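Visitor: Fold the following and give me the result.
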Amino acid sequence: MIWKAEKNGCYSVRSAYRTCIEDIINNEHLRKPRYWSGIWRLKVPPKVKNLVWRICRDCFPTRVKLRSRGVNCPSGCVRCEDPHEDSYHILFHCPSAVVTWQTANLWHLISPSLNQFDNAPDNIFNLLQKLSAAQIEISVTIMWSIWKARNLKLWQQVTDSNFTILERARHLLEGWRNASRKQVHLNPTTSDSGSSSASQYQCQSQMEKIMCYTPSCSVDLGEALALNHAIQWIHELQLSNVDFEVDSKRVADYFNKGRGDVTEFGSIMDNSLNFCNDYLTNSHVEFIRRQENEVAHTF
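Guide: From the prediction side, this is the model:
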C-alpha cells in the first residue's frame, strides 16, 4: 500500500492532517490575503515575529479577545483605565504606549497610519510597507517590549518606565544581531538549467560556491545533493558551528526527524546525517520559505 500524500509513499500523521485541512475541511475563512511575507522577512528575533504574526492573525490574548472566547476576565486595560483592551489599544492607543513611541521618536511615523486604520493588523501591515527596514525592525521589537511591560504589570505588579521598555527592546534586537553575526549561516540552493542542475552555496554573504552536475534531477534530490556538497565544503573550510538553511521542507524534516528512506534521496540524506554526526556535531539544518531565500532569488 502506498500513501500518495507523502513522496516516499509512507503514511505520516502530518500529511494526513494536511490532507484533511486542505481537501476535506473548508478553511477558506482562515485564508487572509495580507502581506505575510513582510512579517517573515523581518530580521528580528523569532519571538518578535511570532508576536506580530499572532496580532495580525487576530489570535492575540488581549482581555477583549479572551472574553470573546469565553474566558471570565476583566475587559479593561492593564496599564490604564480604558475599558476596552484589544491589540490596537495596547500598542497604539494606550497613553503609556503613545509616550513610549514619542520617546523613541517614532510616533510621527506611526500616527499617520492610525488616521487610516482603526485596528492593529491593518496598521502593522501598512507600517511594514511604509517604513524602512531599520525603522520597522525596531518598531516591532518595541511592540514586543510594550506587551512584555503589560504582562509584567498584570502578573508581577511591576511598572516599567518608558526608558526600560525601550532599553529592553534595543538590548533584545542588538543581542540577537550580535549572536547571528557570530554564527555561520550557509544556504544551499539549486536551480535547473535543462540538461544539468546547479547548486549554489552562500556563506555569510561573503563566500559562495557553484557546482553543476549532469543529468538534471528532481527538485528534492537536487536540494539533498546541494546540502550534501555544502556540508563537505564547510568541512573543507574547517568550520564547525554552522547553520544550514534550506528551502526544501522535505530535506529539513528528514535531516531533523527522518531515517529509513531507501530511495536515492534517503541515501544522500543519510550520508549527510552521518557526516554531520562525525564532523559537524554543533551544526543544524533549518527550513526557510523560498520567498525568504535571498540566495535562490539571486541565482
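Visitor: where do the helices sit along the stretch 151-299 of the chain?
Guide: Taking DSSP state H, counting those that start in this stretch, the helices of the stretch 151-299 of the chain run over residues 162-182, 219-236, 249-257, 264-279, 294-297.
Visitor: out of these, which comes closest to Ala5?
Guide: With CB to CB as the criterion, Ala5 lies closest to helix 249-257 of these, at 12.5 Å. Backbone N, C-alpha and C define where each C-beta goes, glycine included.
Visitor: quick one: buried residues of the closest one?
Guide: Using 16 or more other CB atoms under 10 Å as the test for burial, helix 249-257 gives Arg250, Val251, Ala252, Tyr254, Phe255.
Visitor: Isn't the fourth one up against Ile268?
Guide: In this case it means Tyr254. No: in this structure, Tyr254 is not within contact of Ile268 by CB atoms under 8 Å, at 9.8 Å.
Visitor: I'd assumed Ala149 was in contact with Arg79.
Guide: Yes: between Arg79 and Ala149 there is a contact under CB under 8 Å: 7.3 Å.
Visitor: hey, what's in contact with both of the two?
Guide: Ser96 (CB atoms under 8 Å, 6 or more residues apart in numbering).
Visitor: So the two - more neighbours on which side?
Guide: Taking neighbours as other CB atoms under 10 Å, Arg79 and Ala149 compare with Ala149 leading, 24 against 20.
Visitor: ok, now how distant is Ser113 from Arg79?
Guide: Relative to Arg79, Ser113 is positioned 21 Å away (CB to CB, to the nearest Å).
Visitor: Now do the contacts for Ala104.
Guide: Shown in contact with Ala104 (CB under 8 Å, 6+ apart): Ile138, Ile142, Leu166.
Visitor: Tabulate those (TSV), appending neighbour count and distance to Val98.
Guide: Conversion of the contacts of Ala104 to TSV gives the following (neighbours: other CB atoms under 10 Å; distance: CB to CB, whole Å):
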residue	neighbour count	distance to Val98
Ile138	18	17
Ile142	26	12
Leu166	21	14
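Visitor: ok, back up a step: return the closest of the buried residues of helix 249-257 with respect to Pro95.
Guide: Using CB to CB, Ala252 comes nearest to Pro95 of the buried residues of helix 249-257, at 45.1 Å.
Visitor: which residues does the closest one contact?
Guide: Val246, Val285, Glu286, Phe287.
Visitor: how much space between it and Leu173?
Guide: For Ala252 relative to Leu173 (CB to CB), the value is 26 Å.
Visitor: ditto for Ile234
Guide: 28 Å.
Visitor: Just want to know which of the two has more residues nearby.
Guide: Ranked by neighbour count (other CB under 10 Å), Ile234 and Leu173 place Ile234 first, with 24 against 21.
Visitor: What is the neighbour count of Gly70?
Guide: Neighbours of Gly70 (other CB under 10 Å): 6.
Visitor: One more: Asp82?
Guide: Neighbour count of Asp82, defined by other CB under 10 Å: 16.
Visitor: host element of it?
Guide: Using DSSP states H and E, Asp82 sits within no helix or strand.
Visitor: Could you report the pLDDT at it?
Guide: On pLDDT, Asp82 comes in at 94.
Visitor: Val219: neighbour count?
Guide: 15.
Visitor: swap in His235?
Guide: Neighbours of His235 (other CB under 10 Å): 17.
Visitor: Use 8 as the first number from now on
Guide: New numbering, starting at 8: the last item is His242.
Visitor: in the stretch 108-257 of the chain, which spans are strands?
Guide: Per DSSP state E, counting those that start in this stretch, the stretch 108-257 of the chain carries strands over the ranges 191-199, 204-210, 214-220, 249-253.
Visitor: Show me what the shortest one is packed up against.
Guide: Counting contacts by 3 or more CB pairs under 8 Å, 6 or more residues apart in numbering; DSSP states H and E, the secondary-structure elements packed against strand 249-253 are strand 191-199, helix 226-243, strand 291-294.
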